[in-house]
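# A structural model of the following input is requested.
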Amino acid sequence: MSALSNENLKQSGKLGKEALESISEMLRMLAEPARLALLQELKGGEKTVGELAIELEIGQPSVSKHLGILAGANLVTRRKEGVKVYYSIQGEFVFPLCRLVCDKLAADQQNRAMIDFSI
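Here you go, the predicted structure:
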């Protein structure tokens, strides 16, 4: 994309194709309930794969896979201590984003509420 077309996009208040693709990829990554559950669990502090697997009742291989994806997206960090690896939140922006989604879903269901979206 030329500098002229980038400038035109900025002036129009629109995002370019690369930016939209990056946003879409991040949202796809967050669209997995297990990953959101892991982030929610890590909100309380760092934990090991084993601790997360027990808390969420998910197999360790699955937890490891999802943590790897979250780490690749810079949403969690790893800290090794002996044979254990501890994971913690790096991308706290996800919680306000989830709050926005929950508020939208709650508003949509206000008259037919059966799902509790409160955090």
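# give the buried residues for the helix or strand harbouring residue 18.
Per DSSP states H and E, residue 18 falls inside helix 17-30. Buried residues in helix 17-30, counted by 16 or more other Cβ atoms under 10 Å: 26, 30. Heads up, the C-betas are built off the backbone N, CA and C, glycines and all.
# go on, stretch 65-83?
Neighbour-count burial for stretch 65-83, counted by 16+ other Cβ under 10 Å, picks out 66, 67, 69, 70, 73, 75, 76.
# closest to residue 108 out of those residues?
When the buried residues of stretch 65-83 are compared for distance to residue 108 (Cβ to Cβ), residue 75 comes out closest, at 26.4 Å.
# now that closest one: closest residue in space, sequence neighbours ignored.
Setting aside the residues directly before and after it, residue 75 is nearest to residue 91 in space (Cβ to Cβ, 6 or more residues apart in numbering), at 3.8 Å.
# can you map out the helices along the chain?
3-12, 17-30, 33-42, 49-56, 60-72, 94-108 (DSSP state H).
# kindly reformat the ones you listed as a markdown table containing distance to residue 82.
Formatted as a markdown table, the helices of the chain follow (distance: least, Cβ to Cβ, whole Å):
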| stretch | distance to residue 82 |
| --- | --- |
| helix 3-12 | 49 |
| helix 17-30 | 30 |
| helix 33-42 | 20 |
| helix 49-56 | 13 |
| helix 60-72 | 17 |
| helix 94-108 | 29 |
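# how near is the spatially most central residue of the chain to residue 43?
Centroid-nearest residue in the chain, with Cα atoms, centre = their mean: residue 30, separated by 4.2 Å. For residue 30, the distance to residue 43 equals 14 Å [Cβ to Cβ, to the nearest Å].
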